[in-house]
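> Okay, predicted coordinates and the sequence, questions at the end:
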Amino acid sequence: MSTRFQVQHEVEYEVERETQHSQQEKRLRQERIRQEEQLRQQLAEQRRLEEECRLKLKAYKDAVNASLEETLAGSGYYPPEPSAFLMNRTLKALMKDAQERMSDPVFAQALSEVEREIEARCHLAHGYFEELRAGFAPPNSLSQMLKVVALGVHKSIYEASVSIEMPQVNSELAAKMSDNEVFLAKDWVEGEHRGVLAVHVDEETQTTILQIGIAEYGPIYVTIPAILRPEDRALKSIKETINRLASFRNGVDPLAVIDGSHQALNYNEIFVKSRVVRAPSGNTNRLATNMRESAQRSRLSTDNTVILNSSPRNQEQYHRIFPEDQNARHWPAWGNEAELWDGAVESNGFAMTQEASQEALVRALSQSKNVIVVLAHSDGEDIFMPEPPPTGSRVSADYLREHQAEIEANAPFVYLFSCQAGRLSNLRNFASTLIDCGASGVIASQSDLGSAEGRRLLGRILGEGRGTPPIEDYFRAMDELSFREMEVFLG
């Protein structure tokens with residue numbers, strides 16, 4: 001009886017234990033299901049938060065990029081897409097303005113990611129920038145100081161700072177700098193190596209600022225902490241400053257030299273690997289228009305080119321051009337100058353006009369696409385022509401402006417060659433007047449030319465091997481002859 005009771009008890013105990021075990025497993029399953037459901041909910045919430053954060057991050061990044069684009073577009077930099085330096089500079093300004101929003105970690109992350117993306121674009125630009133900065137270590141030895149003295153330059157150029165930030169200057173100068181930046185950003189010519197250069201003087205801050213830039217990277221400012229005087233020493237100092245910007249000097253093409261101070265430098269002789277165009281007026285819209293116009297011109301021919309020779313052919317004509325030389329003391333220096341220029345023209349199948357007068361010049365400027373003038377005398381305001389008798393004639397800025405409508409309608413390209421015995425002053429000023437009156441471009445020298453070299457150049461651009469468009473052919477001729485005295489003015 002006891003044994004049976006014991007067995008029954010054990011059976012009941014086992015049943016109870018299994019029931020408890022089953023209930024425990026059930027509770028465990030329920031707990032596992034609950035935990036799994038909780039985990040799913042947590043993961044779903046995490047995914048929701050991550051997606052919300054991702055969307056928020058994307059929205060912030062889109063907003064930052066839109067703000068960048070809006071800021072740059074508002075300043076005229078679109079299209080095309082702005083350079084790395086412009087993007088970098090504009091983002092830094094936006095980050096400075098958005099400091100109060102940096103407490104939002106998602107916004108801070110958005111700015112950080114945009115900054116990293118722009119920095120990645122700036123990798124090559126930063127290397128270029130550091131190369132430029134490296135050229136301005138101050139003289140630190142006696143030999144270097146002696147070199148500064150020997151060069152006749154201002155020591156302050158070695159104290160220059162190099163920055164992608166526009167310096168703090170007066171509003172008028174800042175507007176000029178901004179206009180040059182926008183011009184650099186525009187596609188006025190194909191290629192990422194197109195560049196600009198302008199020399200600015202700010203009397204308020206007593207600084208001289210070289211504004212340079214290559215389209216691929218953007219604008220850069222070299223600030224010299226001094227006003228460079230006198231002029232001859234200033235020109236040497238600017239030339240030496242540019243020589244120290246080797247990466248820019250050797251890598252820019254074409255180069256637009258726009259407005260600014262110290263215009264007497266011949267940049268052809270500094271940028272020997274570049275096609276240099278000048279815009280002394282600072283009018284970048286006109287410069288871009290004239291670059292496009294000159295790039296479409298046909299080859300020089302007898303049908304589209306008029307050539308005038310204002311060199312005196314006899315003593316009577318000499319008196320008309322140089323009335324101040326009453327005794328004709330300098331007439332013997334002219335010799336057969338006029339005939340030599342005639343020969344350079346005629347040997348290539350072209351011909352001089354029968355008359356070199358103000359009327360003949362304006363007629364040529366109004367009717368011919370290319371006008372070549374051999375000059376004997378300019379006083380910086382007028383050029384002197386030997387015809388008609390008995391006094392000859394003067395071509396003044398006012399006279400050209402009287403005929404601006406006709407000249408503008410024709411948009412001629414003008415070459416001004418100067419005689420070796422001639423007396424020429426400030427041809428840059430006369431070139432600017434011609435462009436103001438509608439010429440699409442002027443090629444002229446700021447200094448006296450060697451007559452033989454000038455005739456060789458004239459013979460080359462009129463020769464059978466001349467190419468098209470004429471402006472590009474001129475740059476090729478300049479390189480072939482290593483004759484860089486005549487510069488191209490387009491704006």
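Structure received.
> Where does pLDDT dip in the stretch 351-491 of the chain?
Within the stretch 351-491 of the chain, the stretches with pLDDT under 70 are 420-422, 425, 448-450.
> Please name the nearest non-neighbouring residue to residue 78.
Leaving aside its sequence neighbours, residue 78 sits nearest to residue 72 (CB to CB, 6 or more residues apart in numbering; 6.1 Å). Glycine gets a C-beta too; all of them are placed from N, C-alpha and C.
> Can you report how many residues lie near that neighbour?
For residue 72, the neighbour count with other CB atoms under 10 Å is 19.
> what residues go with each domain of the chain?
2-121, 127-274, 294-489 (automatic domain parsing).
> The first one: how far from the chain's middle?
The reference is to domain 2-121. Centroid displacement of domain 2-121 relative to its chain, using CA atoms, centre = their mean, to the nearest Å, is 47 Å.
> Next: the longest one.
Offset of domain 294-489 from its chain centre (CA atoms, centre = their mean): 29 Å.
> What's the end-to-end length of that domain?
11 Å (CA to CA, to the nearest Å).
> what does the second one give?
For domain 127-274, the first-to-last residue distance is 22 Å (CA to CA).
> what is the rounded mean pLDDT of that domain?
When pLDDT is averaged over domain 127-274, the result is 91.
> so where's the longest helix in the protein?
Ranked by residue count under DSSP state H, the longest helix found in the chain is helix 2-74.
> Now do that helix: which elements does it pack against?
helix 84-97, helix 105-121 (3 or more CB pairs under 8 Å, 6 or more residues apart in numbering; DSSP states H and E).
> Just the mean pLDDT for the first one, thanks.
Meaning helix 84-97. 87.
> Quick one: residues in contact with stretch 128-143.
With CB atoms under 8 Å, 6 or more residues apart in numbering as the test, stretch 128-143 has contacts from 85, 145, 147-148, 155, 157-162, 164, 214, 217, 220, 222, 244-248.
> related to what we said a few turns ago, for residue 287, find the nearest of the domains of the chain.
Closest approach to residue 287 among those (CB to CB): domain 127-274, 6.3 Å.
> gap between the closest one and the chain center?
Relative to the chain's own centre, domain 127-274 is displaced by 12 Å; criterion: CA atoms, centre = their mean.
> Stretch 266-281 too?
From the chain centre to the centre of stretch 266-281 is a distance of 11 Å (CA atoms, centre = their mean).
> Kindly check the end-to-end length of it for me.
Stretch 266-281 has an end-to-end distance of 16 Å (CA to CA).
> Buried residues, it. List them.
266-268, 270-271, 274-281 (16 or more other CB atoms under 10 Å).
> do stretch 303-312 as well
305-312.
> any chance of those in JSON lines, with distance to residue 486 and pLDDT too?
Listed next are those as JSON lines, based on distance: CB to CB, whole Å; pLDDT from 0 to 100:
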{"residue": "305", "distance to residue 486": "17", "pLDDT": "97"}
{"residue": "306", "distance to residue 486": "19", "pLDDT": "98"}
{"residue": "307", "distance to residue 486": "16", "pLDDT": "98"}
{"residue": "308", "distance to residue 486": "17", "pLDDT": "97"}
{"residue": "309", "distance to residue 486": "17", "pLDDT": "95"}
{"residue": "310", "distance to residue 486": "17", "pLDDT": "94"}
{"residue": "311", "distance to residue 486": "17", "pLDDT": "92"}
{"residue": "312", "distance to residue 486": "22", "pLDDT": "93"}
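> Return the closest of those residues with respect to residue 288.
Distances from residue 288 to those, taken by CB to CB, are shortest for residue 305, at 25.2 Å.
> Is it correct that that closest one is in contact with residue 367?
No. Under the criterion of CB atoms under 8 Å, residue 305 lies out of contact with residue 367, with a separation of 11.3 Å.
> Centroid-nearest residue for this structure?
Most central in the chain under CA atoms, centre = their mean is residue 196, positioned 2.0 Å from the mean C-alpha point.
> by contact count, what packs against the helix or strand hosting that one?
Using DSSP states H and E, residue 196 sits within strand 195-202. Strand 195-202 is packed against helix 171-185, strand 207-214, strand 255-258, with contacts defined by 3+ CB pairs under 8 Å, 6+ apart.
> Name every strand pairing with that strand and say which way it goes.
Using DSSP bridges, the strands paired with strand 195-202 in its sheet are strand 207-214 (antiparallel), strand 255-258 (parallel).
> So for residue 482, which of those strands sits nearest?
Closest among the strands paired with strand 195-202, using CB to CB: strand 255-258, at 18.4 Å.
> outside of the closest one, which residues touch it?
180, 183, 188, 194-198, 267, 271, 274-279, 282, 284, 287, 491.
> Tell me which of the strands paired with strand 195-202 lies nearest to residue 332.
strand 255-258 (38.9 Å).
> Figure out the length between the terminal residues of stretch 239-257.
From start residue to end residue, stretch 239-257 stretches across 13 Å - CA to CA.
> So for that stretch, what gets flagged as buried?
239-242, 244-245, 247-249, 251-257.
> how far away is residue 5 from residue 16?
Computed as CB to CB, to the nearest Å, the residue 5 to residue 16 distance reads 16 Å.
> And residue 215, by the same measure?
89 Å.
> which of these two has more neighbours?
Counted by other CB under 10 Å, residue 215 and residue 16 do not tie: residue 215 has more neighbours, with 23 against 10.
> Identify the residues contacting that one.
83, 184-185, 191-195.
> which of these count as buried?
Buried members of those, counted by 16+ other CB under 10 Å: 83, 184-185, 194-195.
> TSV for these, including distance to residue 316?
Shown next, in TSV, are the buried ones among the contacts of residue 215 (distance: CB to CB, whole Å):
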residue	distance to residue 316
83	60
184	52
185	56
194	50
195	50
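> which of the buried residues of stretch 239-257 lies closest to residue 345?
Using CB to CB, the buried residues of stretch 239-257 come closest to residue 345 at residue 254, 28.7 Å.
> Could you list every helix and strand in contact with the longest strand anywhere in the chain?
For the chain, the strand that runs over the most residues, judged by DSSP state E, is strand 413-424. In terms of contacts (3+ CB pairs under 8 Å, 6+ apart), strand 413-424 is packed against helix 337-346, strand 370-378, helix 427-436, strand 441-445, helix 451-462.
> returning to that earlier point: narrow the buried residues of stretch 239-257 to those in strands?
255-257.
> As TSV, these with distance to residue 27 would be great.
Converted to TSV, those look like this (distance: CB to CB, whole Å):
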residue	distance to residue 27
255	84
256	84
257	88
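> now residue 338, nearest residue through space, not along the chain?
Distances taken as CB to CB, 6+ apart place residue 311 nearest to residue 338, at 3.9 Å, with adjacent residues excluded.
> Please give me every residue in contact with the one you found.
334, 337-338, 341, 374, 376, 386, 419, 422.
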